[in-house]
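[1] got a structure for you, letters missing:
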């Protein structure tokens, strides 16, 4: 390394090592031993939930990026998973296996939302009843007080949301976080919260619902989006060490506790006191394969490297660079469509959701906008966009966004592509208008 001491990779490793030893006060030999053994991948993950020092380093990163650096919130137990998608699967499964949720229970979804959150509850495995907590398009995709008040209903057992949202790409304002925090400390102490915060690092000053209501919240985070590493499958579940889930399990009827004792007795000496997050680890491998549970150790090393990269970046240079990339594309897209670029301090700019009927109304009038909605299937616009312009976008309606809206991802194409996309949207809408105008003659 001394022969390459000025190369970026070596400079980074030197700074990261010093941070681990000097700031985090970890034993240098233990850290090197864990990293070397993990990168070799010659053992099953031990502990299975997450490697010991790896968990501490990733926790520090989560604390910095999701909890706004507030150490007073306390410690979260972390479970390293195969991306955020595996985290979702494990959470749904374990909530029902441990009788915290039951088939037929009502759960609230913050919509628009990542489509699997809509689809999973409807499967035969879960059969949950869904209630929409709707973001308001006319209020920068925030939740109104009236929508949040729906959570006060005791029939609503859980509230699942993506924050910043997908596809609207906007984070919750502090006032809404405060309202939910007040709700779960007064009228709804039993309310389960699940917050999927994979886009949080794209918003300056972001604060997770896990920071506002830590004892009720399951936090999901993925390194995939921020680091452009979707193929690595790097996710993490966080649950506060003092949480309602462990208490709910302890308070179950005796018959249920006996059933769960039997379920986990083959992998835990004291199954009655097994934490919910550790039950999740066992459930992730159908309990019987618990000894092989956990994210592969080389993947966990990459989590450490990503975390340390941000922890030693005191000026936030990487964050500024990542945010600038998507923000520039966001501006390019809107300019090409020919509409004002939204200015919103809570916008992550990771996606853009363009409401085509709303655009039609503003550009060509209400009569044409009504015709567009009534005369065409909601996916007609994205279908023609792909077929005629070779532009493939997602239908916003599939996320419970407005019908005939389109979702544009701003993270995975060259900058120049977004001008082409914006112009394609505008030109296709003009084609619809010209056809309508000709038919009216």
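    Nice, thanks for sending it over. Everything numeric in this text was worked out from a predicted model, so none of it was measured. Residues are numbered from 1 along each chain as shown.

[2] going forward, measure contacts between C-alpha atoms and count neighbours the same way
    Fine.

[3] Which element, helix or strand, includes residue 385?
    helix 380-389 (DSSP states H and E).

[4] correction: residue 218
    strand 217-222.

[5] mind listing what that strand pairs with, with the direction of each?
    strand 192-196 (parallel), strand 234-240 (antiparallel) (DSSP bridges).

[6] Can you give me the buried ones in the helix holding residue 385?
    For helix 380-389, burial by neighbour count (16 or more other C-alpha atoms under 10 Å) applies to 381-383, 385, 389.

[7] Can you name every helix or strand that the one helix or strand residue 324 maps to contacts?
    Using DSSP H and E, the element containing residue 324 is helix 317-337. With contacts taken as 3 or more C-alpha pairs under 8 Å, 6 or more residues apart in numbering; DSSP states H and E, helix 317-337 sits against helix 417-439.

[8] how far does the helix it packs on sit from the chain's center?
    Chain-centre distance of helix 417-439: 33 Å, with C-alpha atoms, centre = their mean, to the nearest Å.

[9] What average pLDDT does that helix get?
    Computed over helix 417-439, the mean pLDDT rounds to 96.

[10] which helices and strands does that helix pack with?
    Looks like helix 417-439 contacts helix 317-337, helix 356-364, helix 366-375, helix 380-389 (3+ C-alpha pairs under 8 Å, 6+ apart).

[11] To residue 23, which of the ones you listed lies closest?
    When the helices and strands packed on helix 417-439 are compared by C-alpha to C-alpha, helix 317-337 sits nearest residue 23, at 20.0 Å.

[12] closest one to residue 81 among the strands paired with strand 217-222?
    strand 234-240 (4.9 Å).

[13] Report the secondary structure state of the nearest residue to residue 397 once chain neighbours are set aside.
    Leaving out its chain neighbours, the residue that sits closest to residue 397 by C-alpha to C-alpha, 6 or more residues apart in numbering is residue 403, at 4.7 Å. Here residue 403 is recorded as coil under DSSP: H, G, I helix; E, B strand; the rest coil.

[14] Next, the contact list for residue 403, please.
    Residues in contact with residue 403 (C-alpha atoms under 8 Å, 6 or more residues apart in numbering) are 355, 378, 396-397.

[15] Any idea how many residues pack against residue 155?
    By other C-alpha atoms under 10 Å, 12 other residues sit near residue 155.

[16] Identify the residue spatially nearest to it, adjacent ones excluded.
    Nearest one to residue 155, counting by C-alpha to C-alpha, 6+ apart, is residue 106 at 6.4 Å.

[17] quick one: the one you found and residue 132, what's the gap?
    10 Å (C-alpha to C-alpha, to the nearest Å).

[18] Name the surrounding residues that touch stretch 146-165.
    101, 105-114, 117, 133-134, 169-172, 176, 179-180, 183, 187-188, 190-200, 208, 347-348.
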